[in-house]
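Participant: the sequence and its predicted three-dimensional model are supplied below.
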Amino acid sequence: MRTYHQIKDLRAHLRVSWQSGRVIGFVPTMGALHDGHRSLIRKARTECDEVVVSIFVNPTQFGPQEDYSKYPRTLEADSRMAQELGVDAMFAPPAEVMYPFGPDATVEVGPLTTHWEGACRPGHFRGVTTVCAKLFCIIQPRYAYFGMKDYQQYRVVERMVADLHMGLSVVPVPTVREADGLAMSSRNAYLSPEHRATATCLHQALNKAAALHSAGERDAAILREAMHARLSGERDVEIVYADVADAQTLEPVSAVTGPAVALGAIRLGSTRLIDNIVLP
Ligand code: AMP
C-alpha cells in the first residue's frame, strides 16, 4: 500500500484504474481508525478492484469551539490497519492541499441539513459536503462507503451525489458497536472510565424507542419521552436531542407512519456523542 499526500501523486496512481475500468471504492475518514472504519474498508475490499482510504481531519466541518485541535491523529497505526485490510492507496493530504484557496468554493445541501446535527453545528454539513465533493473529484470512485452511525451525514452526502449527478453510489454500512452497545467512534477515546461506563445509556435509550416501536407504538412523543427518561437520570449527561425523524427527509415526525429513525446526541462531560437506530 502506498500513502499519498499530494493530489497529483494519488492521481498518477489512480490513472491506470481509471483507464482500465477497474472499480474504485473509496472510504473517507478522519483517521484514528477503529472497527467501524474497518467494516467500511472490508466491504469496499469485497466489492471493488481498487480501495482508496482518505485520512483527513477536515477543519471546515469543526465549529470554532469544537475539538479540531485535539482530535486524535494516529497516522502510523492507521497505515498498519489499512495495509492489513488490503487497502491499495491511502490519501492523507495536508489542509493546504485540500484548501488551496482557503475555504472558497463550497457545496451545500438544503433541508436535509436543517435539523439535528445541522441545527447544533452551524456550517458542519457545508464542511462535510464540500470536502466529500473535493475528494470525489480527486478520486472519481464508483462507490463511496459511509457509516450509518452518522445517519444524517450519510443521507446528506447521498443527496449531494444524486442532485449534482456525481456519478457514484453512496453505500451505507451498519453501525459497529462495542460489546455493551456503545457505537464505536474515534471520540470515545476522550471518555474517562466513568464516562465510558455511562456512555452506553445513549444506545439503551435508542433501543427503548425501537422496542416500543416494534411493540406497535407509533406516537413519536411517547418514543421521545422514553428516550429522555432513560437519559435524564444519568450523571454528567446533557441531552442535546433525542427524537424521531422521517428516515428519508429527516424532518421530525409526530406519528411514525413509515420508515423512521430515532436519533440521539448527548454531551458527556466535554465529549459529544451521537447515535441512531432505524425504525423499519
Ligand atoms: P469519521 O472518521 O468518524 O469521520 O468516520 C468515517 C466514516 O466511518 C464515516 O462514514 C462514519 O459514519 C463511519 N463510522 C464511524 N464510526 C462507525 C461505526 N461505529 N460503525 C460504522 N461506521 C462508522
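Facilitator: Everything's here; your move.
Participant: show me what counts as buried in the helix ranked longest in the chain.
Facilitator: With secondary structure taken from DSSP state H, the chain has its longest helix at helix 124-139. Residues of helix 124-139 classed as buried: 124-136, 138-139 (neighbour count, 16 or more other Cβ atoms under 10 Å). (Glycine included, C-beta is placed from N, CA and C.)
Participant: closest to Glu50 out of those residues?
Facilitator: Checking these against Glu50 with Cβ to Cβ, the nearest one is Ile139 at 9.6 Å.
Participant: quick one: residues contacting that closest one.
Facilitator: If a contact means Cβ atoms under 8 Å, 6 or more residues apart in numbering, then Ile139 has Leu10, Leu14, Ile24, Phe26, Val52, Ser54, Phe91 as its contacts.
Participant: how about Ala247?
Facilitator: Ala247 makes contact with Gly258, Pro259, Ala260, Val261, Val278, Leu279 under the criterion Cβ under 8 Å, 6+ apart.
Participant: what packs against the strand or helix carrying Ala229?
Facilitator: The secondary structure element spanning Ala229 is helix 220-232 (assigned by DSSP states H and E). For helix 220-232, the contact count by 3 or more Cβ pairs under 8 Å, 6 or more residues apart in numbering; DSSP states H and E identifies helix 201-214, strand 237-246, strand 260-268 as packing neighbours.
Participant: I'd like the average pLDDT over the second one.
Facilitator: Across strand 237-246, the average pLDDT comes to 98.
Participant: and if you look at the first one?
Facilitator: Helix 201-214 comes out with an average pLDDT of 98.
Participant: chain neighbours aside, what residue packs nearest to the one residue sitting closest to the centre of the chain?
Facilitator: If you average the C-alpha coordinates of the chain and look for the closest C-alpha using Cα atoms, centre = their mean, you land on Asp150, 3.8 Å from that point. Using Cβ to Cβ, 6 or more residues apart in numbering and skipping the chain neighbours, the partner closest in space to Asp150 is Ile274 (7.1 Å).
Participant: I figured that neighbour was touching Ala265, is that so?
Facilitator: Yes: under the contact definition of Cβ atoms under 8 Å, Ile274 touches Ala265, with a separation of 4.5 Å.
Participant: overlap in contacts, those two.
Facilitator: Shared contacts of Ile274 and Ala265, defined by Cβ under 8 Å, 6+ apart, comprise Glu117.
Participant: measure Val244 to Ile277 for me?
Facilitator: Noted for Val244: a distance of 10 Å to Ile277, by Cβ to Cβ, to the nearest Å.
Participant: any shared contact partners between the two?
Facilitator: Between them, Val244 and Ile277 share these contacting residues under Cβ under 8 Å, 6+ apart: Ala209, Val261, Ala262.
Participant: check what pLDDT Phe62 gets.
Facilitator: Phe62 carries a pLDDT score of 98 in this model.
Participant: partner residues bridging whatever residue of the stretch 101-250 of the chain ends up closest to the ligand?
Facilitator: Closest to the ligand within the stretch 101-250 of the chain is Gly147: 2.2 Å, counting by Cβ to the nearest ligand atom. Note on Gly147: beta-bridge partners Val173, judged by DSSP bridges.
Participant: make sure it is actually in contact with Gly36.
Facilitator: Yes: Gly147 is within contact range of Gly36, at 5.7 Å (criterion: Cβ under 8 Å).
Participant: okay then, goodbye and thanks.
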